[in-house]
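>>> Return a 3D structure for these sequence lines:
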Amino acid sequence: QVRLVESGGGLVQAGGSLRLSCASSGRTFGRFRMGWFRQAPGKEREFVAAISRIGGTTSYVDSVKGRFTISRDNDENKLYLQMNSLKPEDTAVYYCAADPTLAPALSTSGAPYSYWGQGTQVTVSS
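Coordinates of the predicted model:
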């Protein structure tokens, strides 16, 4: 069983920054491709970013490219999302997720992600 716990959310003004963290239990963190998703009120869950097992490959939704950076520390079993130049439309609950599959490409769909955290709220005021 893998437990994921997000932290680092909060209230920030537009243009500000936040760094989300996701701590993983167990010693299998390095086996998983990891992703960040978000869900705003009344909207469907949306892919934000993903990273390969050793961090060499990343993928982002177009709306966050150049502003968000996904990274991981396999020694510490942690995933990060650095969010800069935040906009009100970034307001959502952010979830980290773990993908244990062996598919060659990073997935932007939630389907392969078997493990999910409880989420952390990010609110960006205008």
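>>> which of the residues in stretch 11-24 are buried?
By 16 or more other CB atoms under 10 Å, the buried positions in stretch 11-24 come out as 12, 18, 20-24. The C-beta positions use only the backbone N, C-alpha and C, and glycine is treated the same way.
>>> Filter the residues you listed down to the ones in strands?
Among those, the residues falling in strands (DSSP state E) are 12, 18, 20-24.
>>> Quick check, central residue of the protein?
Trp36 (2.1 Å; CA atoms, centre = their mean).
>>> In space, what's closest to it - neighbours in sequence excluded?
Leaving out its chain neighbours, the residue that sits closest to Trp36 by CB to CB, 6 or more residues apart in numbering is Val48, at 4.3 Å.
>>> thinking the residue nearest to the centre of the chain is in contact with Thr58, fair?
No - with contact defined as CB atoms under 8 Å, Trp36 does not count as touching Thr58 (10.7 Å).
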